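In: show me the folded form of this:
(one chain, ligands or ions: 1)
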Amino acid sequence: MKVTVLCASGNTDGCTHALCEGFVRECTSRGHDAELIDLGALDIEDCTGCGVCRKKGRCILSDGSGELFAKVEDSDMIVMATPIRFNGPSSIMKRFIDRLNPYWLSDKPHPSKACGILCGGSPEPVFSHALSELRSAAVTLKADWAGELLIADTDSRGCGGADVKGFAEKVLS
Ligand SMILES: Cc1cc2nc3c(=O)[nH]c(=O)nc-3n(C[C@H](O)[C@H](O)[C@H](O)COP(=O)(O)O)c2cc1C
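Out: Residues are numbered from 1 along each chain as shown. You can find the predicted model right below:
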């Protein structure tokens with residue numbers, strides 16, 4: 001499978017990034033072709049809601065999204081990874097999701113599977129809102145939801161104990 005891991009944490013030393021790197025390693029060790037993309041490092045503009053994609057089936061913003069979405073379309077599976085921010089996904093992830101509007105409105109190539117990795121700093125993070133957004137993104141892409149890895153208490157315990165291997169086994173099968 002071709003797997004694209006979309007990391008929506010601006011902190012490359014943080015748990016979200018570390019889990020994404022771990023997931024890529026798990027993919028590679030199983031013979032899959034995996035790439036980690038730091039969404040925050042890309043030039044991706046906010047959706048303006050101009051509505052052109054409704055008529056033309058594509059976005060007219062000229063930023064880094066063309067290259068990004070070409071990779072998404074070429075993937076068998078995408079992984080959407082986000083830290084919990086104020087009980088929701090990061091703004092980096094939300095910007096990505098909003099830019100999926102053309103996929104909602106027309107038939108395009110798309111990954112067949114999607115899954116999520118979510119990190120919350122508190123002992124009992126509210127994952128449900130962010131998870132709902134990620135699953136909504138998967139529906140928009142017409143990708144089946146393969147599962148999610150929810151890691152809590154990262155601010156105190158880090159993410160060293162996360163079962164990335166078990167998660168990879170589940171979603172890559
Ligand atoms: C602005 C901000 C808001 C946050 N809001 C929450 C929250 O609502 N719930 C929670 O459990 N953790 C919250 N956190 C903690 C992060 O989820 C946690 O530190 C996470 O590990 C950050 O991801 P990273 O390790 O990839 O940097 C917040 C952190 C920041 C900076």
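In: give the buried residues for stretch 93-110.
Out: In terms of neighbour count (16 or more other CB atoms under 10 Å), stretch 93-110 has its buried residues at 93-97, 99-103, 105, 110. Using the backbone N, CA and C atoms, a C-beta is placed for each residue, glycine as well.
In: between those residues, which is closest to residue 74?
Out: residue 110 (9.9 Å; CB to CB).
In: correct me, but that closest one touches residue 100?
Out: No - the criterion here is CB atoms under 8 Å, and residue 110 misses it with residue 100 at 9.8 Å.
In: who touches both of these two?
Out: residue 141 (CB atoms under 8 Å, 6 or more residues apart in numbering).
In: what about the helices in the chain?
Out: Under the criterion DSSP state H, helices of the chain are mapped to 15-29, 52-56, 65-73, 91-98, 101-105, 128-140, 154-157, 164-172.
In: just the buried positions in the longest one, please.
Out: Of the residues in helix 15-29, those buried by neighbour count under the rule 16+ other CB under 10 Å are 15-20, 22-24, 26-27.
In: possible to save those as a markdown table with pLDDT and distance to residue 158?
Out: Converted to a markdown table, the buried residues of helix 15-29 look like this (pLDDT from 0 to 100; distance: CB to CB, whole Å):
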| residue | pLDDT | distance to residue 158 |
| --- | --- | --- |
| 15 | 98 | 6 |
| 16 | 98 | 12 |
| 17 | 98 | 12 |
| 18 | 98 | 8 |
| 19 | 98 | 11 |
| 20 | 98 | 15 |
| 22 | 98 | 13 |
| 23 | 98 | 16 |
| 24 | 98 | 19 |
| 26 | 98 | 19 |
| 27 | 98 | 22 |
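In: reformat the helices of the chain as JSON lines; add distance to residue 7.
Out: Shown next, in JSON lines, are the helices of the chain (distance: least, CB to CB, whole Å):
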{"stretch": "helix 15-29", "distance to residue 7": "4"}
{"stretch": "helix 52-56", "distance to residue 7": "25"}
{"stretch": "helix 65-73", "distance to residue 7": "12"}
{"stretch": "helix 91-98", "distance to residue 7": "9"}
{"stretch": "helix 101-105", "distance to residue 7": "20"}
{"stretch": "helix 128-140", "distance to residue 7": "13"}
{"stretch": "helix 154-157", "distance to residue 7": "14"}
{"stretch": "helix 164-172", "distance to residue 7": "14"}
